[in-house]
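Engineer: Okay, predicted coordinates and the sequence, questions at the end:
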Amino acid sequence: MANQSTLRPALSSLLQQYAQLLHSFPKSLRITAATVLCVVLGGLWERRRRRKKVDEGRGRVLIRRNSAIQLKDGSRLIYVPYKQTTAKVTINPTKSTTFDAHRRLFLEPPGGRDFRSSSGGEGPPVNTKPGLNLAFLHQFLSLLSIMIPRLTSKESFLLLMHTFFLVSRTYLSLVVARLDGEIVRDLVAGNGKAFAWGIGKWLSVGVPAVYCNAMIKFLQSKISIAFRTRLTRYIHDLYLNDKQAYYKLQNLDGGLVGGGADQFITSDLPLFCDSAAALYSSLGKPFLDLVVFNYQLMRSLGPLALAGILFNYGATAWMLKKFSPPFGRLAAAQGRREGEFRGLHTRLIGNSEEVAFYGGAEMEREFLDKGFNDLKTLMEGIYSMKIRYNMLEDFVLKYGWSALGYLFTSLPVFLPAWGGLGGLLELSNSESTHGTSGREHDRMKGFITNKRLMLSLADAGGRMMYSFKDLSELAGYTSRVYTLISTLHRVHSHAYTTPRPELYGNADIQGTLHKGFDGVRLEGVPIVAPGLWPRGGEELVESLDITVREGEHLLILGPNGVGKSSISRVVAGLWPVYRGLVSRPREGGMGGIMFLPQRVYLAQGTLRDQVIYPHNEMEMRMARRTDSELKDILDTVRLGYLPDREGGWDCRKEWKDVLSGGEKQRISIARLLYHEPKYAFIDEGTSAVSQDVEGLLYETCKERGITLITISTRAQLKKYHTFQLQLDGPNGGWEFDRIGTERERSSVENELRDLREKVKNVDALRERLKTVDEELARVFVTGGDLPGYDDALAREIEARMEAAAVAEANGDELRETGVVVGSFDSPGEHTAEEVTSEEAGTPGERSIWRMSEGEDNENRNREEEVLV
Ligand SMILES: Nc1ncnc2c1ncn2[C@@H]1O[C@H](COP(=O)(O)OP(=O)(O)OP(=O)(O)O)[C@@H](O)[C@H]1O
């Protein structure tokens, strides 16, 4: 019992050796060394003080802020303001070899074969239910290889430090347990001096103990943020690169069920990192405590107590596992619901103007309320499931374990033969000549020490058991983060293989996209709207063959939804080339190709950033472009007033709300003029621009040597283009022609001739319309006043004439107050009251009634024609 710790003797012997070494030097030398050390330390302190004073006198130092440099190896050097200076931070992109090495971990999880055989193809990772199983171990270790890439990495150092403080804390707990026993013993024995000395030691132990506790918490947070940084950068590198995973994830793969990648990255990832960092201390420290305290207890209480304690652990773990709800699955489900709810809000924020115009608040609230109700129902279910489990857990861990603790600590007293060192002490005390009081004091000390050890052990065991729950939750978060990374890997490396490919499915891509061609060429390329994996896509345009060379501007025409924009998606590489060959220049810049989408995207940032997108200011400066050049470009697109109106190039606004539809489109053309690519796809890029400016924009682009491929529904744009591609509609047909060919001219001429014929009749028809108007106004109105003729009345008359025709066929008469419509061949049969209008009318009016049937029909037809 006296020698409770194995570390203590080692430490004290180290200190003793060190003291001996010091004493071996002569006294004068020791004094000199101490003086030199004091002088050096004092000098350093004084220097620091003076420098601080000088800095304060100089005023605020000019600090470099928010600037960055792109290095040749692809890494970025960022200057971040730090205290009075700037700190340099280098961000290295993840190497492609790292992705290659990790692909197997994320695309071939254990059990992948089962999935392959059941679904007929390799696909998304096995959807193992999140929980404490082998899949969790695999997923966690795979993520760990990203979080701690090397043994020499910063995270390893942090974990080492954390371990050091955890071990120190455990050692201090042992010291505290022993001190506790000693203090109580001295108190009971009435030994005042020893008691006061004990209190002094107690306080001196408190200082390193609180420091340890604070460091444990601090390092846990540091580890969490370090893990998060590693994972976030890794995910961003996979998500935002030239493979366009950010687009394909939603539009081709669809593997992220329950929210977009945003929810996974911003919500599930931090939860996972916090949970993983906490796990190390919530599992590592109790584990260490268990080993050390159990050893101590075995020494003082004997093997019987240890066996009992171990059995107790086993039984508790079994019971808690048996009655525990599936925390892992619940955490994953909650994450998914949270994601859906958040997604609804994001959607509303992104489309607030449209919703406001439609007055759709009520509808949106219904969606949001439903999303929240789903989340609430799930969370309430989880909470109610936890009640029973928490009751069981509390009873077992607090009351059951304390009762057993009393039993075990009583072993040396009641069963000294089985009571280890305590039992031996008990036996020797009973045989020795010490009085009863000495035996009781030792018993007291032993009991207090053991009780404290038992309490610490119960605490450690309890935390270990509680951490089963944390572990299950961690399994849920792990599964979410692993799903995200494995889906990204699948999209990134296009890992879709299957023995029986679905037509135009992700595994049925046989075409080629060739970048580096001077022009845009499609050879035998069907335009297919892709279906979400593993479904196949739908063919919109059948095998397309077109070539656009420099200066041969192409206009793509066709009705809505026929697949015009889809051609640009295929050429841009967003949609797969299922068959044939697509050749195009490389992305962006001089000699490259640029795509202006139908909906103009306005990025976060300054006005300058809007014009130079997707460049940033750093790239613009590196390309030696200036603000005055940007101003010229804005002048060209008739937006020269923007810098003054908005407050300069550096002003930041929510540009999508600030600029009008036409202004947005002109900003988009300004981007084109800034980047000056050789080829450009413009998808309905000027539909909101006034016609005078539209022509100017097209002509300017052409003057700058940009070959245009314009997508539009408006044939007026033909005059700015050389070729046209007409998409025909549902059958996927198309026609590619030079604009202004003989065939096109003759078809236009035919159309013109038809129109001219029609125009010739217009005057005659107008004359007739006038006559009919006058006649109608006179005939069909009762009373003396003749109100002006209007359309509604004419339609009513028409309807009545129809009815009269029907009545005539039936040999009936239709009567109505004010207006009487009679049978045409027997007008004389009307009664005096019925023919009110006839009485008030003129001979001209009556003549209508006397018209022959043939005349009437002809007349009516003509009226209809005119009215229509
Ligand atoms: N991401 C997508 N996944 C699957 N189908 C899509 C996707 N985007 C568009 N489609 C479908 O592809 C078809 C063609 O769309 P596209 O945008 O090419 O039409 P468009 O001819 O440009 O029409 P508009 O003149 O209205 O812009 C449409 O039926 C549309 O529903």
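Structural biologist: Okay, I see it. Numbers count the residues shown, from 1 in each chain.

Engineer: C-alpha from now on. contacts and neighbour counts both.
Structural biologist: OK.

Engineer: low-confidence ranges in the stretch 701-850 of the chain?
Structural biologist: 729, 779-798, 800-850 (pLDDT under 70).

Engineer: ok, 90 please
Structural biologist: Residue ranges of the stretch 701-850 of the chain with pLDDT under 90: 714-716, 719, 728-733, 737-850.

Engineer: Next, the contact list for the residue in it that the ligand sits nearest to, please.
Structural biologist: Residue nearest to the ligand within the stretch 701-850 of the chain: Thr713 (6.2 Å; CA to the nearest ligand atom). Counting by CA atoms under 8 Å, 6 or more residues apart in numbering, Thr713 makes contact with Leu557, Gly558, Pro559, Asn560, Glu684.

Engineer: which SSE is the residue lying closest to Cys701 once chain neighbours are set aside in?
Structural biologist: Nearest non-adjacent residue to Cys701, counting by CA to CA, 6 or more residues apart in numbering: Leu673, 6.9 Å away. Using DSSP states H and E, Leu673 sits within helix 661-675.

Engineer: In PDB, list the C-alpha atoms belonging to that helix.
Structural biologist: Only the C-alpha atoms of helix 661-675 are listed here, as PDB (Å, rounded to 0.1, in the frame of the first residue of the first chain):
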ATOM      1  CA  GLY A 661     -31.500  41.100 -65.600                       C
ATOM      2  CA  GLY A 662     -30.000  43.000 -68.600                       C
ATOM      3  CA  GLU A 663     -27.100  44.300 -66.500                       C
ATOM      4  CA  LYS A 664     -26.300  40.800 -65.400                       C
ATOM      5  CA  GLN A 665     -26.200  39.600 -69.000                       C
ATOM      6  CA  ARG A 666     -24.000  42.500 -70.000                       C
ATOM      7  CA  ILE A 667     -21.600  41.700 -67.100                       C
ATOM      8  CA  SER A 668     -21.500  38.200 -68.500                       C
ATOM      9  CA  ILE A 669     -20.400  39.600 -71.900                       C
ATOM     10  CA  ALA A 670     -17.900  41.900 -70.100                       C
ATOM     11  CA  ARG A 671     -16.300  38.700 -68.700                       C
ATOM     12  CA  LEU A 672     -16.100  37.400 -72.200                       C
ATOM     13  CA  LEU A 673     -14.300  40.600 -73.400                       C
ATOM     14  CA  TYR A 674     -12.000  40.400 -70.400                       C
ATOM     15  CA  HIS A 675     -10.900  36.800 -71.000                       C
END
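
Engineer: Beyond the host helix or strand of Leu474, next helix or strand please.
Structural biologist: Here Leu474, judged by DSSP H and E, is contained in helix 436-493. Per DSSP H and E, the first helix or strand lying C-terminal to helix 436-493 is strand 512-515.

Engineer: Contacts made by that following strand with the rest, please.
Structural biologist: With CA under 8 Å, 6+ apart as the test, strand 512-515 has contacts from Val571, Gly573, Val577, Tyr578, Arg579, Gly580, Leu581, Val582, Ser583, Arg584, Pro585, Arg586.

Engineer: same thing with stretch 13-29?
Structural biologist: With contacts defined as CA under 8 Å, 6+ apart, stretch 13-29 is touched by Arg30.

Engineer: I am finished for the moment; much appreciated.
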